[in-house]
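Q: Sequence and predicted structure, then a few things I'm wondering about:
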Amino acid sequence: MQFFGGSAEVNPSPLAPAGTGTGLLGNNTYMMYVFNRNGVCLLYREWHRPLKTLDSQQDQKLMFGVLFSLKSFTTKMDPISAEKGSLGVPLLPGQGCSFHSFRTNTYKLSFMESPSGVKIILVTHPKCGDLRESLRYIYNIYVEYVMKNPLYAPGTAIKCELFNTKLDQYIRTIV
Amino acid sequence: MIGVGKIKQYSNVLEKPLSRGKQEVSLSAFAFLFSEMVQYNQTQVDNIAELERRLEDAGYSVGARVLELLCNREKGNRRETRLLGILSFVHSTVWKVLFGKVADSLEKGTEHEDEYMISEKELLVNRFISIPKDMGAFNCGAFVAGIVRGVLDNSGFPAVVTAHFVPMEGQQRPRTTILIKFAEEVLRREARLG
């Protein structure tokens, strides 16, 4: 299994002007990551990110690590289901409980994992509501314009312009 | 016992009536199948022109069969002899059966006498496909161009058919044009027929 092989270049789409991101102009989304089941970052988009601390490869590895740990942690702490799995072993997509989002005072991170192991992360303004439907819609866009594209090699960074266009259009409408 | 009762068993498969079949096919199923066909051909060739040619050849076989089927079903075994006739047949009937709608437009070329163009805002086969920059002018619509060539060739109108992207102002996705260039003999015959 190949972990962290290659990463997507930073792809700044038309940046939101400074000062927005308060939810008024529809620019609520700050960043987006898409990982596949091996930890390869398929897509990284940013719309509003004033503070960048790490270079992009490190940043993506960090994000994937965070999700991995959070998933193990939430599964372990689950008071309801019986099967816990062992620590340190990567959990399969269906196993354990699936965490949805966490919110801080400056941002909200929403997460979705598909049965095929494709993880979609959206970092938005903290006052955004439950984004599970949006994440599902984005996954649908991914299936349509990336998976059905014969000129895309699975496991590599996504460079399909149809996907990027539809994604940009949709992101603008997220409340 | 199997087969006892209702259904009339035909002794010979050739005596069964031709059914009209199901009119609808899942778009996703077709998209995946077409995607796989393109990927398969990609492994067999080493340049773009060859890939386009292979897709066109695949379309040619489809075109030949579609012509037979449609002549039987839709037109009552009439044969088109005039240029305009066959072009409007392709533009309306063939497109309707294959893609569920008639083509967007049919135009006569302005520079040359033997060129005609069928345009479509977005070909069904190209709907989910984005061409990466390093593939240049490659167009998976070559498959559709092959279908048109199959229909024309087997009706007695030999032609060279290609698919092109035509960028439109005000729209992101370029329009697709199927360019049909008829052979000399077709034009001469058409002129003779008056």
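A: Looks like it came in fine.
Q: so what's residue 127 scoring on pLDDT?
A: Since no chain was named, I'll use chain A. pLDDT, A:K127: 88.
Q: meant chain B actually
A: 87.
Q: Could you grab the helix/strand/coil label for the residue most central in space within chain A?
A: Nearest residue to the geometric centre of chain A (Cα atoms, centre = their mean): A:I121, 1.8 Å. Put simply, A:I121 is strand when judged by DSSP: H, G, I helix; E, B strand; the rest coil.
Q: Okay, the closest residue to it other than its chain neighbours and B:L179: tell me how far apart.
A: Nearest residue to A:I121, sequence neighbours excluded (Cβ to Cβ, 6 or more residues apart in numbering or on different chains): A:Y33, at 4.3 Å. (C-beta placed from N, C-alpha, C; glycine too.) Remark: distance between A:Y33 and B:L179 (Cβ to Cβ, to the nearest Å) = 43 Å.
Q: what's the answer for A:Y170, then?
A: 35 Å.
Q: Looking at these two, which has the bigger crowd around it?
A: B:L179 (19 against 15; other Cβ atoms under 10 Å in any protein chain shown).
Q: Hmm, that one is touching B:A159, no?
A: No: in this structure B:L179 lies outside contact range of B:A159 using Cβ atoms under 8 Å: 9.6 Å.
Q: All the strands of chain B, in order from the start?
A: Assigned by DSSP state E, chain B shows strands spanning B:105-108, B:115-120, B:159-166, B:175-182.
Q: does any part of stretch B:172-185 sit near chain A?
A: Yes: with Cβ under 8 Å from any Cβ of the partner chain as the measure, stretch B:172-185 is seen reaching chain A through B:Q172, B:R173.
Q: Quick check: buried residues in that stretch?
A: Buried positions in stretch B:172-185, judged by neighbour count with 16 or more other Cβ atoms under 10 Å in any protein chain shown: B:R173, B:R175, B:T176, B:T177, B:I178, B:L179, B:I180, B:F182.
Q: For B:E107, state which of the residues you listed is nearest.
A: Set against B:E107, the nearest of these by Cβ to Cβ is B:T177 (8.7 Å).
Q: how many other residues sit next to the nearest residue to B:R20 once chain neighbours are set aside?
A: Nearest-residue entry for B:R20: B:R73, 7.3 Å, with adjacent residues in sequence omitted and distances by Cβ to Cβ, 6+ apart. Close neighbours of B:R73, defined as other Cβ under 10 Å, add up to 14.
Q: how about the helices of chain B, start to end?
A: For chain B, the helices defined by DSSP state H occupy B:27-44, B:48-73, B:83-88, B:95-99, B:142-154, B:184-193.
Q: Could you pull out the buried residues of the first one?
A: In terms of neighbour count (16+ other Cβ under 10 Å), helix B:27-44 has its buried residues at B:A31, B:F34, B:S35, B:M37, B:V38, B:N41.
Q: Pipe these into a markdown table and attach distance to chain A and pLDDT per row.
A: Below are these laid out as a markdown table (distance: Cβ to the nearest Cβ, whole Å; pLDDT from 0 to 100):
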| residue | distance to chain A | pLDDT |
| --- | --- | --- |
| B:A31 | 4 | 92 |
| B:F34 | 7 | 92 |
| B:S35 | 4 | 92 |
| B:M37 | 8 | 92 |
| B:V38 | 4 | 91 |
| B:N41 | 9 | 91 |
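Q: export the residues you listed to JSON lines and tack on distance to B:D114?
A: Converted to JSON lines, the buried residues of helix B:27-44 look like this (distance: Cβ to Cβ, whole Å):
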{"residue": "B:A31", "distance to B:D114": "34"}
{"residue": "B:F34", "distance to B:D114": "30"}
{"residue": "B:S35", "distance to B:D114": "34"}
{"residue": "B:M37", "distance to B:D114": "31"}
{"residue": "B:V38", "distance to B:D114": "30"}
{"residue": "B:N41", "distance to B:D114": "30"}
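Q: List the contacts of A:I138.
A: Each residue near A:I138 by Cβ atoms under 8 Å, 6 or more residues apart in numbering or on different chains is listed here: A:M32, A:I120, A:L122, A:L167, A:Y170.
Q: What parts of chain B come near chain A?
A: Contact residues, chain B versus chain A (Cβ under 8 Å from any Cβ): B:28, B:31-32, B:34-39, B:42, B:128-132, B:135, B:140, B:172-173.
Q: Fine, thanks again, bye for now.
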